[in-house]
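Asks: need a structure here:
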Amino acid sequence: MSSTVELTKENFDQTVTDNEFVLIDFWAEWCGPCRQFAPVYERAAKANPDLVFAKVDTEAQPELAAAFEIRSIPTLMIVRDQVAIFAQPGALPANALEDVIGQARKLDMDEVRKSVAAQQAKAAEQAGGTEQAGGAEQAGGAEQAGGAE
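Replies: Now for the predicted structure:
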């Protein structure tokens, strides 16, 4: 029996919401590197039974692949506390996968959430959410961009 969960558009949100730490392997049957990575991923799943290891078949779930802008497979994504903290294309060797998992475990999610909130606030400001300094910066940037064309 597989120790990984097959994610679909129907169970994706629930899986990510209900679990603190989810690794996601975006793959396809026809992809050679994906098939090579599969046993490495399965071994890591068995070695880390406290984590959820999931797979998204990009052929069967094109909406999920599109939603996460997956351009190359395999792509490994790690979601902690509903925040994507890691995404990288390519088949990782076992030692690199374990290293990534270890680093992801050590992350201070309070700090990650603060950083995400700050990035979102800055993006909103740059999108014209305020007419203060951010608006002036945006206008200056637009003039520079217009002048460059």
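Asks: Next, residue 88: phi, psi?
Replies: Dihedral angles of residue 88 (phi, psi; degrees, to the nearest 10) stand at phi -150, psi 130.
Asks: Once you drop chain neighbours, what's closest to it?
Replies: residue 76 (5.8 Å; Cβ to Cβ, 6 or more residues apart in numbering). Any C-beta I mention is one placed from the backbone N, CA and C, and that applies to glycine too.
Asks: Partner strands of the helix or strand harbouring that neighbour, with direction?
Replies: Residue 76 belongs to strand 75-80 when assigned by DSSP states H and E. Applying DSSP bridges to the sheet, strand 75-80 is found paired with strand 21-27 (antiparallel), strand 83-89 (antiparallel).
Asks: What residues sit buried inside the first one?
Replies: Of the residues in strand 21-27, those scored as buried under the neighbour-count criterion (16 or more other Cβ atoms under 10 Å) are 21-27.
Asks: Do me a favour and average the pLDDT over that strand.
Replies: Averaged over strand 21-27, pLDDT sits at 97.
Asks: now do the last one
Replies: Taken as a whole, strand 83-89 has an average pLDDT of 93.
Asks: so who does the closest residue to residue 70 other than its chain neighbours touch?
Replies: Excluding the flanking residues, the one nearest residue 70 by Cβ to Cβ, 6+ apart is residue 26, at 4.8 Å. Counting by Cβ atoms under 8 Å, 6 or more residues apart in numbering, residue 26 touches 55-56, 58, 64-65, 68, 70, 73-77.
Asks: how about TSV for the strands paired with strand 75-80, with distance to residue 5 added?
Replies: Output for the strands paired with strand 75-80, formatted as TSV (distance: least, Cβ to Cβ, whole Å):
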stretch	distance to residue 5
strand 21-27	9
strand 83-89	17
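Asks: Compare the ones you listed and report which one is nearest to residue 106.
Replies: Closest to residue 106 of the strands paired with strand 75-80 is strand 83-89 (Cβ to Cβ; 11.0 Å).
Asks: now that closest one, how far from the centre of its chain.
Replies: 3 Å (Cα atoms, centre = their mean, to the nearest Å).
Asks: Please shift the residue numbers so they start at 36 in all later answers.
Replies: Shifting the count to begin at 36 puts that one at strand 118-124.
Asks: Need the residues that contact that strand.
Replies: 103, 105-114, 135, 139, 142, 144, 147-148, 151.
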